[in-house]
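Peer 1: sequence and predicted structure below; questions after.
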Amino acid sequence: MKNYLIFAGVGILALIGTSAWGAAAPDDQRIWPTLASGLVVFSGGMGSYLLRRRRERRTLSAEADSFERQVANDTAAKGFVDALVLAVALLAGIAVFELQHLSLILITGYLTILLASYYIRYTLKLRSHL
């Protein structure tokens, strides 16, 4: 978990850096920060996948009949309901209160809440069965 937190922290800092670069770049050169942001996002996705696969091989949590897999599937199913409810509330709030200028920040918060909700539920459910 420590490796993943370090990886996520570096990825977030890189994304903040490319976003700041994009905000400061002249209009005719905005393509480079955009491409750099895309590269950071793609690298983050691939790195997360590789770290997860390594952890699954080490702990055998990817086995079809493992307890961790069952807990992950149950948690993801409950998180899907959260995602739908929060998405409707978010989109309604953006449309009703005309928050288009804040939509990127709100969507980032939405995704952060969903990820935190999943990992909190997953951790609590795993610890309650130990």
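Peer 2: Everything's here; your move.
Peer 1: and the contacts of the lowest-mean-pLDDT helix or strand in the chain?
Peer 2: Least confident helix or strand, the chain: helix 2-24 with a mean of 85, by mean pLDDT, DSSP states H and E. The contact list for helix 2-24 (CB atoms under 8 Å, 6 or more residues apart in numbering) reads 30, 32-34, 36-37, 40-41, 43-44, 47-48, 51. C-beta coordinates here come from the backbone N, C-alpha and C atoms, glycine included.
Peer 1: how about a cut-off of 6 Å?
Peer 2: 30, 33, 36, 37, 40, 44, 47, 51 (CB atoms under 6 Å, 6 or more residues apart in numbering).
Peer 1: in the very next helix or strand once past it, which residues are buried?
Peer 2: The C-terminal neighbour of helix 2-24 among helices and strands, as given by DSSP states H and E, is helix 31-59. For helix 31-59, burial by neighbour count (16 or more other CB atoms under 10 Å) applies to 33, 36, 37, 40, 44, 47.
Peer 1: could you do stretch 7-15 as well?
Peer 2: Buried-residue list, stretch 7-15, by 16+ other CB under 10 Å: 7, 11, 14.
Peer 1: residue 110: which of these is nearest?
Peer 2: Residue 110 has its nearest neighbour among the buried residues of stretch 7-15 in residue 11, at 18.5 Å by CB to CB.
Peer 1: how close does the closest one sit to residue 39?
Peer 2: Per CB to CB, to the nearest Å, residue 11 is found 11 Å from residue 39.
Peer 1: list the buried ones in the helix or strand hosting residue 75?
Peer 2: Residue 75 belongs to helix 67-96 when assigned by DSSP H and E. If you call a residue buried by 16+ other CB under 10 Å, then helix 67-96 has these buried ones: 71, 72, 75, 79, 83, 86, 90, 94.
Peer 1: other SSEs contacting it?
Peer 2: Contacts defined by 3 or more CB pairs under 6 Å, 6 or more residues apart in numbering; DSSP states H and E place helix 67-96 against helix 103-128.
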